[in-house]
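>>> Everything below, folded, please.
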Amino acid sequence: MPTITGRHLGTWSHVIDTSRVYVDGLLADYFLVSEEAKRTGLPLQDFFGAIDEADRDYLTGETRRAIADGSVLDIFYHVNTHRGLRVVRVVGRCYYRDDGAPFLFSGATFDATPSDGALINAVVTGDLDEEDDQG
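The predicted model follows:
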């Protein structure tokens with residue numbers, strides 16, 4: 001079975017009170033996050049410039065909905081990276097304090113760009129056919 005590596009996967013955590021986002025792997029690469037910024041986090045707004053303008057409202061709305069109702073965020077959107085336009089799949093969930101206030105929103109992002117990400121997305125969704133298993 002193929003291995004999902006940092007080249008295909010990135011994890012993220014958004015501390016809602018501070019509006020700081022911590023990333024690694026794929027996201028650090030796609031958003032050009034420095035080693036220091038991976039440790040200290042970056043303001044949420046620093047990531048919006050790379051998100052394709054056509055997808056920003058959709059991403060914002062779905063994220064707000066997931067935070068408000070506690071549902072899982074599971075969407076695809078486009079990111080402009082140094083490797084060109086990429087399609088990513090983001091899956092995340094919000095966590096809450098005892099008083100019900102949202103505290104942490106975290107999850108993972110997978111490259112789902114056709115050809116490059118198709119195999120990884122198939123692994124994530126469980127749609128991997130035996131003949132597609134090259135490794």
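>>> What are the boundaries of the helices in this structure?
Ranges of helices in the chain, per DSSP state H, are 25-30, 35-40, 53-69, 118-125.
>>> out of these, deepest packed?
Most buried of the helices of the chain, by mean neighbour count (mean count of other CB atoms under 10 Å): helix 25-30, with a mean of 21. (C-beta placed from N, C-alpha, C; glycine too.)
>>> so what does that one touch, helix or strand wise?
In terms of contacts (3 or more CB pairs under 8 Å, 6 or more residues apart in numbering; DSSP states H and E), helix 25-30 is packed against strand 9-15, strand 73-81, strand 84-96, strand 102-111.
>>> Could you tell me which residues within the first one count as buried?
What that stands for is strand 9-15. Within strand 9-15, the residues that count as buried by 16 or more other CB atoms under 10 Å are 9-14.
>>> Then stretch 66-83?
The neighbour-count check on stretch 66-83 (16+ other CB under 10 Å) flags 66-67, 73, 75, 77-79, 81 as buried.
>>> same question, stretch 40-52
Residues 41-42, 44, 47, 50-51 are the ones in stretch 40-52 that count as buried (16+ other CB under 10 Å).
>>> pLDDT below threshold where in the chain?
Low-confidence regions of the chain, defined by pLDDT under 70, span residues 1-7, 116-135.
>>> From the centre of it outward, give me the first residue you hit.
T109 (3.0 Å; CA atoms, centre = their mean).
>>> residues contacting it?
By CB atoms under 8 Å, 6 or more residues apart in numbering, the residues touching T109 are 9-12, 26-27, 88-91.
>>> any idea which of those residues is closest to G61?
Checking the contacts of T109 against G61 with CB to CB, the nearest one is V90 at 13.5 Å.
>>> so who does that closest one touch?
Counting by CB under 8 Å, 6+ apart, V90 makes contact with 59, 73-77, 107-110.
>>> With Q45 instead?
S19.
>>> separation between it and Y30?
Going from Q45 to Y30 by CB to CB, to the nearest Å gives 16 Å.
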